[in-house]
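K.L.:
Just need the structure, nothing else, for what follows:
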Amino acid sequence: MTVTAVASTTHEEIYRVEEASAGLLGFIAIHSTRLGPAAGGLRMRPYASEDEALTDVQRLSEGMTYKNAAAGLALGGGKAVIIGDPARDKSPDLLRAFARAIEGLDGRYITAEDMGMSPADMAILAEETRFAAGLADGAFASGDPSPVTARGIFNAICTTRAHKHGSRDLAGVTVAVQGLGHVGWYLCQLLHAAGAKLVVTDIDAARVEQAIEAFGALAMPLGEIYSAKAEVFAPCAIGGILNSQTIPQLKAEIVAGGANNQLATEADAAALHARGILYAPDFVANGGGIINVATEILRIEDRKGFVAEKLQALDETMASILIQAEAADVSPAEMAIATVQARMAGSSKAA
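P.N.:
This is a model prediction of the structure:
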């Protein structure tokens, strides 16, 4: 296996990882360890090129720094990506090879599942590294973080609606959900139980049919979800979907979802703000998953209590960001970054 350092002026460490015999090519990016070891999931996607994968891992790892700081965790930000189709290219040999690269970092980066990964995959990684979390079994095992991620996003939707209208009630509110993976599906369950009406889209047509049957959802083609007649748009798939092409199409008054790096550029936050669309910063809204995984990483005895406490604090952080952003007449995205940077500058490690 070949592990090669990649030069960077924005990250503490970046590594290119290759093991030809296992069909492995990927990257590990450590953005910051200021608050603790860098923690963030492992994603497997059929990236079009190495450059695309490298750009993604850099953006994702930086987002994890902000996410962990926003959640009040004693963890820094990191991320890992593997180039390939998880349905076709993933194998135990590939996972074990990547795990050995993680182990070689001696705890500076701790991984967990992300897009294209599962608790079962984490169990294979754990055969080769001490620094894999999100396990289904074992001491302090935290399991699939998706339900907790979804709960945090649901809270963010309620909080943004309360900021906009003075009520957290979602009964009769239409929410357009983009992406019906684990997080998107659990979010739909919560929204449906709260009385929300759902408009959904996904690349998996069978998954869409299941949502129609389970939630009475209205299906929309992939490219038309942006213009759905909905009060809330909840992106729960890939990043970069809020951009100069899609923002003008939005009819929603609130954007709050689970996807990482939803904004293609910083200018897109300002574009949402100019249109009067209230944006729930993604790294605050989707922080529930890492809170759940943190119970395993930090070996928290009272997992349920810790998760409940941190989710409540995260929701309060979101509410504070929205209030301050409105007072300053800036995008909540700008205020969220300022908030976490202030926390990091204080350099007091969270519990």
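
K.L.:
domain assignment for the protein?
P.N.:
2-125, 146-287+316-344 (automatic domain parsing).

K.L.:
and those domains as a markdown table, adding distance to Arg299?
P.N.:
Every residue, glycine included, has its C-beta placed from N, CA and C. Below are the domains of the chain laid out as a markdown table (distance: least, C-beta to C-beta, whole Å):
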| stretch | distance to Arg299 |
| --- | --- |
| domain 2-125 | 12 |
| domain 146-287+316-344 | 17 |
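
K.L.:
would a markdown table of these with mean neighbour count and mean pLDDT be doable?
P.N.:
Formatted as a markdown table, the domains of the chain follow (neighbours: other C-beta atoms under 10 Å; pLDDT from 0 to 100):
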| stretch | mean neighbour count | mean pLDDT |
| --- | --- | --- |
| domain 2-125 | 20 | 97 |
| domain 146-287+316-344 | 20 | 97 |
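
K.L.:
Just checking: what are the partner strands of the helix or strand containing Val81?
P.N.:
Using DSSP states H and E, Val81 falls within strand 76-83. Using DSSP bridges, strand 76-83 pairs in its sheet with strand 24-32 (antiparallel), strand 38-39 (parallel), strand 42-45 (parallel).

K.L.:
and Glu296, which of these is closest to it?
P.N.:
Nearest to Glu296 among the strands paired with strand 76-83 is strand 38-39 (10.1 Å), distances taken as C-beta to C-beta.

K.L.:
For the closest one, give me every contacting residue.
P.N.:
12, 30-32, 61, 64-65, 68, 73, 75-78, 108-112, 133, 290, 293-294, 297 (C-beta atoms under 8 Å, 6 or more residues apart in numbering).

K.L.:
Need the per-residue pLDDT for Gly138.
P.N.:
We note a pLDDT of 86 for Gly138 in this prediction.

K.L.:
ok, now which ones touch it?
P.N.:
Contacts for Gly138 (C-beta under 8 Å, 6+ apart) come out as Ala126.

K.L.:
So it, which state does it fall into?
P.N.:
Using DSSP: H, G, I helix; E, B strand; the rest coil as the criterion, the local structure at Gly138 reads coil.

K.L.:
And the helices in the stretch 201-350 of the chain?
P.N.:
205-215, 266-274, 282-285, 288-297, 303-328, 332-346 (DSSP state H, counting those that start in this stretch).

K.L.:
Make CSV out of those and add distance to Ile247.
P.N.:
What follows is those, written out as CSV (distance: least, C-beta to C-beta, whole Å):
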stretch, distance to Ile247
helix 205-215, 24
helix 266-274, 5
helix 282-285, 15
helix 288-297, 26
helix 303-328, 17
helix 332-346, 13
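
K.L.:
quick one: which of these is nearest Ile124?
P.N.:
Ranking the helices of the stretch 201-350 of the chain by proximity to Ile124 (C-beta to C-beta) places helix 288-297 first, at 16.4 Å.

K.L.:
For the closest one, give me every contacting residue.
P.N.:
37, 39-41, 64, 67-68, 71, 73, 75, 110, 112, 133-135, 140-143, 145-146, 148-153, 183, 300, 303, 306-307, 310-311, 314.

K.L.:
Return the alpha-carbon coordinates of that helix using PDB.
P.N.:
C-alpha atoms of helix 288-297 as PDB (Å, rounded to 0.1, in the frame of the first residue of the first chain):
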ATOM      1  CA  GLY A 288     -26.700  14.800  15.400                       C
ATOM      2  CA  GLY A 289     -24.800  11.900  13.800                       C
ATOM      3  CA  ILE A 290     -21.400  12.900  15.000                       C
ATOM      4  CA  ILE A 291     -22.900  13.500  18.500                       C
ATOM      5  CA  ASN A 292     -24.100   9.900  18.500                       C
ATOM      6  CA  VAL A 293     -20.700   8.600  17.200                       C
ATOM      7  CA  ALA A 294     -18.900  10.800  19.800                       C
ATOM      8  CA  THR A 295     -20.400   8.700  22.600                       C
ATOM      9  CA  GLU A 296     -18.300   5.800  21.200                       C
ATOM     10  CA  ILE A 297     -15.200   7.800  20.500                       C
END
